[in-house]
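Colleague: From the sequence below, what's the structure:
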Amino acid sequence: MGRQHWKKIWVGSAGNMVEWYDWFVYASFATYFAGAFFPSGNPTAQLMNTAGIFAVGFFMRPVGGWLLGRVGDRKGRKAALTLTVTLMSASAVLIAVAPTYGVAGYGGALVLLVARLLQGLSVGGEYAASATYLTEASDPGRRGFASSFQYVSMTAGQIVGLGLQIVLQRTMSDDALHSYGWRIPFVVGALGAAVVFYLRRNMLETEVYEEDTSQAGERGTLRALWRHRREAFLVVALTMGGTVAYYTYTTYLTKYLSNSAGLSKQTATLVSFTALIVFACLQPLAGALSDRIGRRPLLITFAVGSTFLTVPIMTLLRHADGYWSALGLALLALVVVTGYTSINACVKAELFPTGVRALGVALPYALANALFGGTAEYVALWFKKGGIESGFSWYVAACAAVSLVVYVMMRETKDLDLGRVKAAREAGDGSAESTVTTAS
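Modeller: Now for the predicted structure:
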């Protein structure tokens, strides 16, 4: 992998890190600002309100996936990535200055909602633009390794957010954090986005996109995507189990350890912080492994593990009595999830031709996240409020089981040449189509 390829991967990953820092910091600091925007009362109800707004952001992701996926296919990956980070910066500023319930009533919650809608719009396009960029910018035999840096950067964003939370917890009083300290990470996110905006304005476009010969009028259109609807439906099914498991063990884990296991907020945050560092280090290793043995073995391993281990892991986590026991279980869960996270970006990008790749990844992935990933935390809290918290574990396992069926039936994609995908599609050759049909 040459120096220019590394530069492309670095710039794409750096922006992705800031995008997901802002996205995840909302979840990790929700326990501090939940009471700022809603009337005092039941803490779980307040968390459900903020989790509901968190989920609403996911429902903007299909819109962002369509709009920014179209930009990525028609104007280039660079244009889409620059636009996404601009939107994310604006949303971070809005949250940082949003008035509280005591000052503006539900006006503050409205500002929060608008900010989350902007974040959803941005991230809906960021995932696909980043996945497409990282996949196209890498050498053909190392796409799994290169694209794994998407989740390295996503996780790094959350690690930075959790790290800042740990620092603030140790330097500020609990009252100060609930009063104004929670605004600090959003200010940091806005500044980080400004830096990445500068980097992305000077980034290099991928050679695969520049050499694409698709008709300009067909690029990034829903009509073109409809011709690849089988792949689009496959992306939804591929994503279902993975996104629920990922958000369960990342954004929801801290709250689960605090609200259900009874660990202190500081201990719960430290568990998540440590586990995510290990998780980020695992991504390139698993991505490189997929370049050697294929994508399907890793996906199947993830799905089998999530289907049969989720209930016991979540049950044991609920009874964790300290840092080490909680950390061990969290690491076990994240090792399993790595089978999905390390390679899902390249698997999806490998399914589509260049002229519709960004949209093809963005829209179905965003739909799956809106239905399953974005609602995971809200569903978990709903089960908890209903007194059947264990039901959420079975829900996660069931989603993984559905994806398992898809992983077993799909064909391998690691040896697919991105240029040949385009050529075969344009020629009407069934060989490319066969990569997404059931295994014989």
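Colleague: can you give me the helices in the stretch 1-150 of the chain?
Modeller: Assigned by DSSP state H, counting those that start in this stretch, the stretch 1-150 of the chain shows helices spanning 3-28, 30-37, 43-59, 61-74, 77-97, 101-104, 107-137, 143-147, 149-171.
Colleague: which secondary structure elements does the second one contact?
Modeller: Meaning helix 30-37. In terms of contacts (3 or more C-beta pairs under 8 Å, 6 or more residues apart in numbering; DSSP states H and E), helix 30-37 is packed against helix 43-59, helix 107-137, helix 174-179, helix 253-259. C-betas here are computed from N, CA, C, even on glycine.
Colleague: where along the stretch 251-400 of the chain do the helices fall?
Modeller: Counting by DSSP H, counting those that start in this stretch, the helices of the stretch 251-400 of the chain are 253-259, 265-293, 295-318, 323-341, 344-349, 357-368, 376-385, 390-409.
Colleague: now the ones you listed as a markdown table including distance to residue 11 and mean neighbour count?
Modeller: Shown next, in a markdown table, are the helices of the stretch 251-400 of the chain (distance: least, C-beta to C-beta, whole Å; neighbours: other C-beta atoms under 10 Å):
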| stretch | distance to residue 11 | mean neighbour count |
| --- | --- | --- |
| helix 253-259 | 30 | 23 |
| helix 265-293 | 17 | 20 |
| helix 295-318 | 25 | 20 |
| helix 323-341 | 21 | 22 |
| helix 344-349 | 16 | 28 |
| helix 357-368 | 17 | 30 |
| helix 376-385 | 30 | 21 |
| helix 390-409 | 31 | 19 |
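Colleague: Looking at these, which is nearest to residue 197?
Modeller: For residue 197, the closest of the helices of the stretch 251-400 of the chain is helix 357-368, at 19.4 Å, according to C-beta to C-beta.
Colleague: other SSEs contacting that closest one?
Modeller: For helix 357-368, the packing partners by 3+ C-beta pairs under 8 Å, 6+ apart are helix 61-74, helix 107-137, helix 222-226, helix 229-249, helix 344-349.
Colleague: roughly how far is it from the heart of the chain?
Modeller: 12 Å (C-alpha atoms, centre = their mean, to the nearest Å).
Colleague: swap in stretch 176-186?
Modeller: For stretch 176-186, the distance to the chain centre is 24 Å (C-alpha atoms, centre = their mean).
Colleague: Can you give me the end-to-end span of it?
Modeller: 16 Å (C-alpha to C-alpha, to the nearest Å).
Colleague: List the contacts of residue 93.
Modeller: 186, 190 (C-beta atoms under 8 Å, 6 or more residues apart in numbering).
Colleague: Leaving out chain neighbours, which residue sits closest to residue 208?
Modeller: In space, and not counting its chain neighbours, residue 208 is closest to residue 136: 4.1 Å by C-beta to C-beta, 6 or more residues apart in numbering.
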